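Colleague: Turn this into a structure:
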Amino acid sequence: MLERFRALIGAVLGPIVRLLIRLGVSPDVVTVLGTAGVVVGALVCFPQGWLWQGVVVVTLFVFSDMIDGLMAKTTGTASAWGAFLDSTSDRLGDAAVFGGVLLFFVQQRDSILWAGVALAGLVFGQWTSYVKARAESLGFTCTGGLAARADRLVIILLGTLLAGLGVPYVLEIAVVVLAMTSMITVFQRIEQVRRQAKGVGVRAA
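Modeller: Have a look, this model is predicted:
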């Protein structure tokens, strides 16, 4: 749903992209540092109960996910390696965000139930990404669905921010919504691939 705003966000980030290029910063460096910032921000702040502070840190570094791609396109250095590094780094960043929320429920709320729901959101989110990657590696188109990666990040970060500002039950609602929408997205994408594969006879381990 939020993919339609990528052009607008790209225009806003344009000055930062041009500055980094002038400074000679590599897109790969932006990818690695951005991912490291997300991981540290989520796994340090969230388990300690520093929710809104963690969201601020994570959000600042999440934008690197767009900055590195814009830098590569602007300089004409986009490559398969860059796409691979960006995609694999995204998985680590997502796991850190959901892992941080999971640890928050364990350490600050002493709730295995809600930690389990957060884990479900993480598992289905990672599964969604794997389904897309595997389908495309076999030559299928696998896009869309109820909740893409950007949608999932906005939901979890907004829920965490509001919880940090004192809004009751909002984080619990967010992880339930994420678990459900991610599960639906998985099956939407599997069905999309199944329709394409029907009659093709493609089957791999």
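Colleague: From what I see, Val58 and Val38 are in contact.
Modeller: Yes: when contacts are counted by C-beta atoms under 8 Å, Val58 is listed as touching Val38 (5.3 Å). Yep, even glycine has a C-beta here, placed from its N, CA and C like the rest.
Colleague: which residues do those two both contact?
Modeller: Counting by C-beta atoms under 8 Å, 6 or more residues apart in numbering, the residues touching both Val58 and Val38 are Val97.
Colleague: Secondary structure element holding Gly69?
Modeller: helix 64-75 (DSSP states H and E).
Colleague: List the residues that contact Val117.
Modeller: Shown in contact with Val117 (C-beta under 8 Å, 6+ apart): Glu172, Val175, Val176, Ala179.
Colleague: repeat for Leu178
Modeller: Gly121, Phe124, Gly125, Ala147, Arg152, Ile155, Ile156.
Colleague: 10 Å instead, please
Modeller: 98, 101, 117-118, 120-122, 124-125, 147, 151-153, 155-156, 159 (C-beta atoms under 10 Å, 6 or more residues apart in numbering).
Colleague: swap in Ala118?
Modeller: Contacts of Ala118 (C-beta under 10 Å, 6+ apart): 97-106, 111, 156, 171-172, 174-176, 178-179.
Colleague: Show me what the helix or strand of the chain with the lowest mean pLDDT packs onto, helices and strands only.
Modeller: Lowest on mean pLDDT, DSSP states H and E among the helices and strands of the chain sits helix 6-22, with a mean of 78. Contacts defined by 3 or more C-beta pairs under 10 Å, 6 or more residues apart in numbering; DSSP states H and E place helix 6-22 against helix 27-40, helix 64-75.
Colleague: okay, the angle between the last one and helix 6-22?
Modeller: Spelled out, it's helix 64-75. Inter-element angle recorded for helix 64-75 and helix 6-22: 70 degrees (by axes from the mean of the first three to the mean of the last three C-alpha atoms, to 10 degrees).
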